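>>> Sequence plus the predicted model coming up.
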Amino acid sequence: MADRISDDTIEYIGILSKLELDGLEKESAKADMEKMLAYIDRLNELDTEGIEPMPHVFPIYNVFRSDEVENGDESARTLANAPVQKKGSFVVPKTIG
């Protein structure tokens, strides 16, 4: 096995994650973490020379597109429905006394 997880590490992870693990749960978590580390070591054996890292799993284009107004300014029509308006805004009753 590549890396061994110590009991102190499991205890520390339990404290960080606010978990109270009994002895059997600690051993199970330790075994699971060792399997994960072994798998990561196995992935490190792959030849990735010349392969560019991907910034995202899915191709994303034009993320920072410019905002475009589609509906126009309908504020005049909206304010036409207001029973009371003042300086281009709705006037509403005071709700906090």
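Thanks, I have it.

>>> the strands in the protein, which residues?
85-86, 89-90 (DSSP state E).

>>> List the strands paired with the last one, with their directions.
Here strand 89-90 has these sheet partners by DSSP bridges: strand 85-86 (antiparallel).

>>> what's in contact with the strand it pairs with?
Leu79, Val91 (CB atoms under 8 Å, 6 or more residues apart in numbering). Backbone N, C-alpha and C define where each C-beta goes, glycine included.

>>> Run the chain-centre distance for it.
42 Å (CA atoms, centre = their mean, to the nearest Å).

>>> Output the below-cut-off pLDDT ranges for this structure.
1-3, 63 (pLDDT under 70).

>>> And the strands of the chain: which comes nearest Pro59?
strand 89-90 (43.9 Å; CB to CB).

>>> So which residues make contact with that closest one?
Contacts for strand 89-90 (CB under 8 Å, 6+ apart): Leu79, Ala82, Val84.

>>> any idea which residue sits dead centre in this structure?
Closest residue to the average C-alpha location of the chain: His56 at 13.3 Å, with CA atoms, centre = their mean.

>>> separation between that residue and Asn62?
According to CB to CB, to the nearest Å, His56 stands 13 Å off from Asn62.
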